[in-house]
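> quick one: sequence and predicted model below, then my questions.
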Amino acid sequence: MRAVQLTEIGKALTDADITIPKIGSSDVLIRVAAAGICHSDAHYRAGISKIDNLPLTLGHEIAGRVEKVGAHVTNVAVGNRVCVHYLVHCGNCEFCVRGLEQFCRRGQMIGKHRDGGYAEFIKVPGANAFPLPDEIAFEAGAIMMCSSATALHALNKARFKPGESIAIFGFGGLGFSALQLARAFDCVDVYVVEINPAKLASAAKMGVIAIDARAGDPIEQIKESTAGKGVDVALELIGSAKTMRQAVLCLGPLGRAALVGLTAESMSIRPYTELINKEAEIIGVSDHLASELPALIEFARSGKLRFPPETLRVVDLDATQINAALDAVQDSIDHFRTVIVPSSDK
Ligand SMILES: [Zn+2]
Ligand SMILES: [Zn+2]
């Protein structure tokens, strides 16, 4: 089968012709219909995130059709449309048995620790395949398994409830999903904090209260719009100590700041006046859980979570096209997502 692989860190991905994987009794073989090209894939290629075993087929945002099932697989059948949960876990460790598989000690990320979806076929455990309703295009089914799933996990970790207000710091792919999901939760007011004019304009077009952080202190602006109260939940999706601190300071009483962006910087908080007084909480968010995916899929099926076709770019399963897309993703400032749709005529 055709696959596009990372063979050397820091070098371009290459076209490869490899054997179709053999499945075990608990696995499924999926014919890939769509595979999202993600920021993290650019990091793997560049060596920013460490890859142990090469060559490796990248790709962790995958949707397709079940081609074969192992004897013990009961949740999906041959011919089913499916999307893939990217974390393969052991199922037996202290975390897995509590449904907290993102901490599994033997967990493997598809497209990082084992071959991913930049290929015609992929083998995954049956438990990682989730039925994809006909209403959801394969392209959307693929890309929502990463940033949208994390956005939903962030809202769940922040215990976001109907009727609450939210401030979203950063309006990239995560923010785009977080905004739609917050609305699906019946949120009252959404504030989007950004410095990028194009993103501010697109947020305003989606009917949120766009806060231009270049025009003045975003905390003051949020406080002003909420009659001094602050918001119930703040999501930090950028990965900077400055915006993390702002996310905490814009909270009202009993507010929760969920930190999703990654940074090695230190952040400072004055405990008494900025946290204890208002019983605010700072919550770390990492990845998502398999148990959250059915709700995410239902939000997409019912049209509450949408990826307009004009925001998707399609490339073939071809190293030259994929490398160019990875170059572009590194400095992207819009909501466009590139998805690999393997052509069937090669
Ligand atoms: Zn991803
Ligand atoms: Zn485990």
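Received, thanks. Ligands and ions are numbered 1, 2, ... in the order given.
> contacting residues around Leu259?
Glu236, Met244, Ala247, Ile282, Ile283, Gly284, Val285 (CB atoms under 8 Å, 6 or more residues apart in numbering). Bear in mind the C-beta positions are built from the backbone N, C-alpha and C, glycine included.
> what residues does the stretch 101-250 of the chain have near ligand 2?
Proximity of the stretch 101-250 of the chain to ligand 2 (CB under 5 Å from the ion) is limited to residues Cys104.
> count the neighbours of the residue of the stretch 101-250 of the chain found nearest ligand 1 for me.
Across the stretch 101-250 of the chain, no residue is closer to ligand 1 than Cys146, which sits at 3.1 Å (CB to the ion). Other residues within reach of Cys146 by the criterion other CB atoms under 10 Å amount to 23.
> is it located within a strand, as I assumed?
No: Cys146: not assigned to a strand; according to DSSP: H, G, I helix; E, B strand; the rest coil it is helix.
> give me the pLDDT for it.
On pLDDT, Cys146 comes in at 95.
> how much space between the closest residue to it other than its chain neighbours and Ala3?
Nearest non-adjacent residue to Cys146, counting by CB to CB, 6 or more residues apart in numbering: Glu61, 4.8 Å away. Per CB to CB, to the nearest Å, Glu61 is found 16 Å from Ala3.
> cool, Arg245 as well?
Arg245 is 44 Å from Ala3, by CB to CB.
> those two: which is more packed in?
Ranked by neighbour count (other CB under 10 Å), Arg245 and Ala3 place Ala3 first, with 29 against 17.
> tell me what that one is bridged to.
Using DSSP bridges, the beta-bridge partners of Ala3 come out as Ala16, Ala119.
> doesn't Thr19 make contact with it?
No: using CB atoms under 8 Å, Ala3 is not in contact with Thr19; the gap is 9.9 Å.
> next step: the contacts of Leu259 restricted to helices.
Judged by DSSP state H, these include Met244, Ala247 as members of helices.
> which strand or helix spans the residue nearest to Phe171 when sequence neighbours are not counted?
In space, and not counting its chain neighbours, Phe171 is closest to Lys199: 4.3 Å by CB to CB, 6+ apart. Using DSSP states H and E, the element containing Lys199 is helix 197-205.
> for Ala257, same thing?
strand 251-259.
> one step back: how close does the residue of the stretch 101-250 of the chain closest to ligand 1 sit to Cys187?
22 Å.
> nearest spatial neighbour of the residue most central in space within the chain, skipping sequence neighbours?
What sits nearest the mean C-alpha location of the chain, by CA atoms, centre = their mean, is Ser147, with 1.4 Å. Using CB to CB, 6+ apart and skipping residues adjacent in sequence, the residue nearest Ser147 is Gly173, 4.3 Å away.
> related to what we said a few turns ago, ok, the residue nearest to Phe171 to Met267 distance?
Going from Lys199 to Met267 by CB to CB gives 23 Å.
> okay, these two: which has more neighbours?
Legend: neighbour count by other CB under 10 Å for Lys199 and Met267, higher for Lys199 (20 against 16).
> how close does the more buried one sit to Leu275?
Distance from Lys199 to Leu275, by CB to CB: 29 Å.
> still on that earlier bit, since we're on the residue nearest to Ser147, how many residues are nearby?
Residues lying near Gly173 (other CB under 10 Å) number 26.
> check the one 10 residues further on too.
By other CB under 10 Å, 17 other residues sit near Arg183.
> again with Ile195
Count around Ile195 with other CB under 10 Å applied: 15.
> please apply the same query to Leu152.
Neighbours of Leu152 under the rule other CB under 10 Å: 25.
> hmm, the strand or helix carrying it touching ligand 1?
Leu152 is part of helix 149-157 when elements are defined by DSSP H and E. No: interface with ligand 1: helix 149-157 contributes nothing (CB under 5 Å from the ion), its closest point being 8.6 Å away.
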